[in-house]
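Visitor: Provided below for reference: sequence and predicted model.
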Amino acid sequence: MQDPMADEQVLLGDIGATNARLALFKDGALGPVEWMAADEYAQFEDAVEAFLTKRGRPAVTAAMLAVAGPVEANRAHMTNRGWTIDAAKLCEQFRLRRARILNDFAATAWSLPHLKPQDLHRIGAGTGVPDAPMAVLGPGSGLGVACYVPGAQGGIALASEGGHADLPGSSEREDRVIQHLRARFGHVSCERAVSGPGLENLYEAIAAIGGQKLPQRDAAAITRAALDGSCATCRAALDMFCAFLGAVAGNVALTDGARGGVFIAGGIAPRILAYLERSEFRPRFEDKGRMRPYVAAIPTSVIVHSDATFVGLQALAKRSDA
């Protein structure tokens, strides 16, 4: 199969609410990935301009960009960042022959068949079924969810907004936390608990329900205090975070029929691997009543490859129908 981008220098990007990661792809090789703080740029085009200027304005002819948010008509308005990324506008401003915008977790889903054992950290038992769907979800600034479905023509990746589905409560304590969050937000999505801001929400809710007056902490501080044991409420929040992550991952496995495996991406899980292994993540993943045997047979892994999204973007770029 001929590489449709073999003679092109392509701008690849993983665009999140916190950081934009950009790199150049040419002749089958990926250049260095640069992290750019999204807060420093009023719009995405400014970040691209800075990236290209720093590299001496290379001749870029195409772009393939993974964006944290829903994509429609090759255009994305980011859910947790005020950027709108439009393929037509990028082509006009940077004189590109073509540009493709796709959901960031769809790009990660494209990586799943290409990840090596060293790119993954297994949690729990289970054996993936060959040629079965594989699901990926990941807590970060938000909660992304996608699925890869193998096929004779190379498979397809299905993006979704599963992070905004209802948060499932499985105990009276979790129900009280959800009730507290409902009073604050109205609708309580999975993302309200299973994300960096979600961890902060859990910490605040647990403290409020317990009548505690605790200092405000961000997700990183909550995680540190949970890991070092210096704050019981932080530990309770991280415990609940891991349990909710397992419950949501199990729901995704059932919904997608993901017998090829469920994969956890994002920036949080790789930092708490040992804690996640000891947590209620896997028990809650399997706790699906009559469907426990079905879900217990599905392997779960944390993606520890630092640039899995770019693995997916490269795989997609090499397809003849990209």
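Guide: On my side now, so go ahead. Source: prediction; values computed, not measured.

Visitor: Going by C-alpha atoms from here, please, whenever you check contacts or count neighbours.
Guide: Noted.

Visitor: Give me the distance from the helix or strand hosting T53 to the chain's centre.
Guide: Using DSSP states H and E, T53 maps to helix 44-54. A distance of 24 Å separates the centroid of the chain from that of helix 44-54, by C-alpha atoms, centre = their mean, to the nearest Å.

Visitor: Direction included, what does the helix or strand that comes right after that helix pair against?
Guide: Counting by DSSP H and E, the next helix or strand C-terminal to helix 44-54 is strand 62-67. Strands flanking strand 62-67 in the sheet, each with its direction: strand 9-15 (parallel), strand 98-103 (parallel) (DSSP bridges).

Visitor: what is the mean pLDDT for the longest one?
Guide: This means strand 9-15. Mean per-residue pLDDT for strand 9-15: 93.

Visitor: do the same with stretch 145-156
Guide: On average, stretch 145-156 scores 91.

Visitor: Tell me which of the strands paired with strand 62-67 is the most buried.
Guide: Ranked by mean neighbour count under mean count of other C-alpha atoms under 10 Å, the strands paired with strand 62-67 are led by strand 9-15, which reaches a mean of 24.

Visitor: Contacts for that strand, please.
Guide: With C-alpha atoms under 8 Å, 6 or more residues apart in numbering as the test, strand 9-15 has contacts from 20-27, 59-68, 104, 309-310, 313.

Visitor: Under the pLDDT cut-off, which ranges of this structure? List them.
Guide: Within the chain, the segments meeting pLDDT under 70 span 1-7, 79, 320-322.

Visitor: Kindly reformat the strands paired with strand 62-67 as JSON lines containing distance to A152.
Guide: Converted to JSON lines, these look like this (distance: least, C-alpha to C-alpha, whole Å):
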{"stretch": "strand 9-15", "distance to A152": "26"}
{"stretch": "strand 98-103", "distance to A152": "22"}
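
Visitor: Out of those, which gets nearest to V302?
Guide: Closest of the strands paired with strand 62-67 to V302 is strand 9-15, at 18.7 Å (criterion: C-alpha to C-alpha).

Visitor: chain center to the closest one: distance?
Guide: Centroid displacement of strand 9-15 relative to its chain, using C-alpha atoms, centre = their mean, is 17 Å.

Visitor: do stretch 190-199 as well
Guide: Between the centre of stretch 190-199 and the centre of its chain there are 12 Å (C-alpha atoms, centre = their mean).

Visitor: Pull out the buried residues from that stretch.
Guide: If you call a residue buried by 16 or more other C-alpha atoms under 10 Å, then stretch 190-199 has these buried ones: 190-199.

Visitor: Just the buried residues from the contacts of strand 9-15, in PyMOL please.
Guide: The following PyMOL line selects those of the contacts of strand 9-15 that are buried, judged by 16+ other C-alpha under 10 Å:
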select buried, resi 20+21+22+23+24+25+60+61+62+63+64+65+66+67+68+104+309+310+313
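
Visitor: From M134, how far out is T61?
Guide: Applying C-alpha to C-alpha, to the nearest Å, the value for T61 to M134 is 32 Å.

Visitor: swap in F185?
Guide: For F185, the distance to M134 (C-alpha to C-alpha) stands at 32 Å.

Visitor: Which strands or helices does the longest helix along the chain pack on?
Guide: Criterion DSSP state H: the longest helix present in the chain is helix 232-256. Where contact means 3 or more C-alpha pairs under 8 Å, 6 or more residues apart in numbering; DSSP states H and E, helix 232-256 is packed against strand 134-139, helix 196-209, helix 219-228, helix 281-286, helix 292-296.
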